[in-house]
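*Asks:* structure of the sequence below:
(one chain, ligands or ions: 1)
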Amino acid sequence: MTSTASHHEQDQFDFVVIGAGPVGELFGHAVAAEGHSIAIVEHRLVGGDCAYYACKPSKALLRPIEVANNTQHLSGVADTTIVADDLLAHRDAKVKHYDDNPQIETLEQAGLTVVRGHARLAGECAVEVHGPDASIRHLRATHGVVVTSGTTPNIPPVFEGVPVWDSKDATAVKDVPTRLLIVGGGPVACEAATWMTALGSKVTMLIRNGELLAGFEPFVSDLLAEQLTQAGVDIHFFTEATQVRRPDGMDMGLGEVKGGPITVRTNTAETFEAEELLLATGRRPDLESLNFESIGLTVDDVLEDRTPDWLHTLGDASGKYRLTHMGKFQARQLVQRLLGKGPTSPDDAAPTTQVVFTDPQVAFVGHTEESAREAGYNVKTAEADFAKVTGATLLRDDVVGRAKIVVDQATNCLLGATLVGPETGEMLHAATIAIAGQVPVDTLKLAVPVFPTASEIWLGLLSKFED
Ligand SMILES: Cc1cc2nc3c(=O)[nH]c(=O)nc-3n(C[C@H](O)[C@H](O)[C@H](O)COP(=O)(O)OP(=O)(O)OC[C@H]3O[C@@H](n4cnc5c(N)ncnc54)[C@H](O)[C@@H]3O)c2cc1C
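*Replies:* Reported below is the predicted structural model:
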């Protein structure tokens, strides 16, 4: 592949990237480092949702809460409590006060051209950018267009037109509602319930099905529900909104309570009232406004990979992953393929890793028992309790947590691991390496965990499998 960097001034680039989130940025940096010209288009903040409205602010809020909780559950240390204003100021600092200039400078220093505005396709290898000043700029890509436009929230029909919070409001919270209803039971709902409770809201969760974090090992929901309840969260399973009223609702700006109280009637014939409601009902790839019709494609064509060679979709926009690190993995794979830098593995060769930063943390890699069986594996499993591990009991006096591993009977290698407990997010990588490296259980037994650390949970897990 040769670079056409000399055509910059004609708005012709080797690659045009739509969306400057972590995945688009990674692709742009990697390809620019090889001498290619890149235009990267962003209609909101350069750095993407991850940097300002998702991963970073949520973890900036959750980490001090975890530290404070630890002090409250460990004798020999004075209790530390959360100071709401200080916590919000800490969050603001971590999101750089929503100023993306440093991020733009970094991209420009790496040789990328940052274009502000809303991008849409305008035919083969052509992108038009509708700028903030109503201008239209026409970009051409000689090598390819990469779509990394992220996601947009799902809004159940009953909430359409009602001003409520989405995850951006929750991560950017300024005005802490006295009572907060959270609709949903996935990672965003559970994490937001944790930080909003710590900030002082009385949180009630309305969950359509019977579990938190559906899709994880079933014990995760029970354990997490118990801990959230102890923290003061009121959880209602099998509860779905059927009617919503907010007569004085209005958009007051990001993170502000959106008008007067909101009332929700449910399928269980209950009525819930609160000062604010957070919709955490999932997100879908943000592709509808990209004008795929101009190249004869539908959004489904794109999501199902029926695309021409010059068009690539990565990260959340691809619909394959909903995690920053997995999208970045996908981007690194594409760069390697495009630059012809040796063979690449199929995207699904890397086990998916995920941590939900609740208290306790929920860390997961690869398969659950159910998903492994569905994928056709004959499996054996082992479970162990963190409360029986000395190292874990030194982290918290009243440590709560459980771990489960799923092993392929045929190869004796790990297929999946779920670790729920204190700081398990940091422990997960051992399991990830075991899976990616296809290390047999017998070899894993030679990896002796240090006493007294929580990693000794591995001894309990592996001892379930005879030599
Ligand atoms: C509350 C919350 C917490 C999360 N926490 C974590 C976490 O801890 N760890 C983790 O791995 N993942 C987490 N996620 C998921 C993570 O945020 C996403 O996986 C990640 O942001 C995906 O990166 P991306 O580059 O694909 O998209 P994004 O970060 O969404 O970036 C896409 C960018 O494209 C821009 N864009 C879209 N359309 C256009 C257009 N037509 N023209 C110009 N620009 C456009 C958008 O403005 C945006 O800046 C969290 C998500 C939420 C909601």
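
*Asks:* for the rest of this, base every contact and every neighbour count on C-alpha atoms.
*Replies:* Noted.

*Asks:* what's around the nearest residue in space to Cys125 that is not next to it in sequence, how many residues?
*Replies:* Distance criterion CA to CA, 6 or more residues apart in numbering; nearest residue to Cys125, sequence neighbours excluded, is Ala141 at 5.1 Å. For Ala141, the neighbour count with other CA atoms under 10 Å is 23.

*Asks:* below-threshold pLDDT in the chain: ranges please.
*Replies:* 1-10, 342-343, 347 (pLDDT under 70).

*Asks:* close to the ligand, is the lengthiest helix in it?
*Replies:* Identified as the longest helix of the chain according to DSSP state H is helix 55-72. Yes. If you take CA under 6 Å from any ligand atom as the test, helix 55-72 does meet the ligand, through 55, 58.

*Asks:* helices of the stretch 251-400 of the chain, start to end?
*Replies:* 299-303, 324-338, 369-374, 390-395 (DSSP state H, counting those that start in this stretch).

*Asks:* elements contacting the helix or strand just after the last one?
*Replies:* Right, the one you point to is helix 390-395. Where DSSP states H and E defines the elements, the next helix or strand beyond helix 390-395 is strand 402-408. Strand 402-408 sits against strand 379-385, strand 414-421, helix 457-462, with contacts defined as 3 or more CA pairs under 8 Å, 6 or more residues apart in numbering; DSSP states H and E.

*Asks:* so what strands line up beside strand 402-408?
*Replies:* Strands that pair with strand 402-408, judged by DSSP bridges, come out as strand 379-385 (antiparallel), strand 414-421 (antiparallel).

*Asks:* now do it: distance to the chain's middle.
*Replies:* Computed by CA atoms, centre = their mean, to the nearest Å, the chain-centroid distance of strand 402-408 equals 23 Å.

*Asks:* got a list of contacts for that strand?
*Replies:* With contacts defined as CA atoms under 8 Å, 6 or more residues apart in numbering, strand 402-408 is touched by 367-369, 372, 377-386, 413-421, 457, 461.

*Asks:* where exactly do the strands run in the stretch 151-300 of the chain?
*Replies:* 151-153, 179-183, 202-206, 234-236, 241-245, 262-266, 271-274, 276-279, 283-285 (DSSP state E, counting those that start in this stretch).

*Asks:* nearest to Asp251, of those strands?
*Replies:* Among those, strand 276-279 comes nearest to Asp251, with 11.9 Å by CA to CA.

*Asks:* so does that closest one get close to the ligand?
*Replies:* No. With CA under 6 Å from any ligand atom as the criterion, the ligand is not reached by strand 276-279; the gap is at least 10.9 Å.

*Asks:* going forward, count from 47.
*Replies:* With the count now opening at 47, the last piece we talked about shows up as strand 322-325.

*Asks:* what residues sit buried inside that strand?
*Replies:* Neighbour counts over strand 322-325 (16 or more other CA atoms under 10 Å) mark 322-325 as buried.

*Asks:* go on, stretch 438-454?
*Replies:* 438-439, 441-442, 445-454.

*Asks:* ditto for stretch 256-275
*Replies:* 257-259, 262-263, 265-267, 269-271, 273-274.

*Asks:* now, which of those sits nearest Thr224?
*Replies:* The nearest member of the buried residues of stretch 256-275 to Thr224, counting by CA to CA, is Leu274 at 17.5 Å.

*Asks:* please name the nearest non-neighbouring residue to that closest one.
*Replies:* Nearest to Leu274 is Thr240, by CA to CA, 6+ apart, at 7.3 Å.

*Asks:* please apply the same query to Ala277.
*Replies:* Closest residue to Ala277 apart from its sequence neighbours, by CA to CA, 6+ apart: Thr243 at 7.5 Å.

*Asks:* contact partners for that neighbour?
*Replies:* With CA under 8 Å, 6+ apart, Thr243 has these contacts: 249, 277-279.

*Asks:* from Cys236, how far out is it?
*Replies:* Per CA to CA, to the nearest Å, Thr243 is found 11 Å from Cys236.

*Asks:* ok, Leu133 next?
*Replies:* 19 Å.

*Asks:* more crowded one of the two?
*Replies:* Neighbour comparison, Leu133 and Cys236: the larger count goes to Cys236, with 24 against 20 (by other CA under 10 Å).

*Asks:* identify the bridge partners of Ala428.
*Replies:* Beta-bridge partners, per DSSP bridges, of Ala428: Ile451.

*Asks:* show me which residues of the chain sit near the ligand.
*Replies:* Going by CA under 6 Å from any ligand atom, the residues of the chain near the ligand are 64-70, 87-92, 94-96, 100-101, 104, 163-166, 194-197, 213, 234, 336, 361-363, 368-371, 373.

*Asks:* among the residues you listed, which ones are buried?
*Replies:* Using 16+ other CA under 10 Å, the buried ones in the residues of the chain next to the ligand are 64-70, 87-89, 91-92, 94-96, 100, 104, 163-166, 194-197, 213, 234, 336, 361-363, 368-371, 373.
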